[in-house]
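>>> Below is the sequence, then the predicted model.
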Amino acid sequence: MNQMPRILPVYKELAIESWPIDRPLDYPKNARTWSKSAIEKVGRSIKEFGSRQPNVCDKRDVIVICHLRRAGARWAGLTHVPVHVAWDLTPTQIKALRLADNRTAQEAEWNLELLAPELAEFKELAIESWPIDRPIDYPNNARTWSKKAVERPAMRSSTALRSR
């Protein structure tokens, strides 16, 4: 039974707009860098799954979060990207959010006991643009996994998968 989702008060201001891909401006002091390979991986993911996370910009259209995602969207051939404008944040909050968003990702670790069965299920999937093409590096090189190590059936088109 499909029902209209209940909108929580905290999310009323989380408007998402569609902007031409060149409208968001790069933050000139962006301290994060990424490789062409990283852009391609994000782009392949966007091609397969769509753009599921909005870019966040400030009141002046400068990117706060998602420089890499926008680069991946451009690689994937998108002409528009979803954008949330953080109208309610001060310049100090914008700076803090920009740094925190990048830094907090470094705090996450893999639970190897839960990861192994998840990865094993990929042998039954046929996702053409699976973005991981090298081993995952774990702390202290505890373990690595590569998609090549998991047997996978022949690839089917993503169109065929969606029509099931």
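Received it, and whenever you're ready, just let me know what you need. Numbering: from 1, shown residues only.
>>> start to end distance for stretch 82-90?
22 Å (CA to CA, to the nearest Å).
>>> in it, what's buried?
Neighbour counts over stretch 82-90 (16 or more other CB atoms under 10 Å) mark P82, V83, H84, V85, A86, L89 as buried. C-beta: built from backbone N, CA, C; applies to glycine.
>>> which two in the residues you listed are spaced the farthest apart?
Maximum pairwise distance in those, criterion CB to CB, is 18.2 Å, between P82 and L89.
>>> The helix or strand harbouring K95: what's the following helix or strand?
Taking DSSP states H and E as the definition, one finds K95 inside helix 91-104. Next in sequence after helix 91-104, counting helices and strands by DSSP H and E, comes helix 112-120.
>>> That next one packs against which elements?
Packed against helix 112-120 by the contact rule (3 or more CB pairs under 8 Å, 6 or more residues apart in numbering; DSSP states H and E) you find no helix or strand.
>>> could you give the mean pLDDT of the helix holding K95?
Across helix 91-104, pLDDT averages out at 91.
>>> got it, and stretch 35-48?
91.
>>> CA atoms only for that stretch, dumped as PDB, please.
Provided in PDB are the C-alpha atoms of stretch 35-48 (Å, rounded to 0.1, in the frame of the first residue of the first chain):
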ATOM      1  CA  SER A  35      41.900  11.300  -9.700                       C
ATOM      2  CA  LYS A  36      40.400  10.700 -13.100                       C
ATOM      3  CA  SER A  37      39.600   7.200 -11.900                       C
ATOM      4  CA  ALA A  38      37.600   8.500  -9.000                       C
ATOM      5  CA  ILE A  39      35.600  10.800 -11.300                       C
ATOM      6  CA  GLU A  40      34.900   7.800 -13.600                       C
ATOM      7  CA  LYS A  41      33.800   5.600 -10.700                       C
ATOM      8  CA  VAL A  42      31.400   8.200  -9.500                       C
ATOM      9  CA  GLY A  43      30.200   8.800 -13.100                       C
ATOM     10  CA  ARG A  44      29.600   5.100 -13.600                       C
ATOM     11  CA  SER A  45      27.600   4.900 -10.400                       C
ATOM     12  CA  ILE A  46      25.500   7.800 -11.500                       C
ATOM     13  CA  LYS A  47      24.900   6.300 -14.900                       C
ATOM     14  CA  GLU A  48      23.800   3.000 -13.200                       C
END
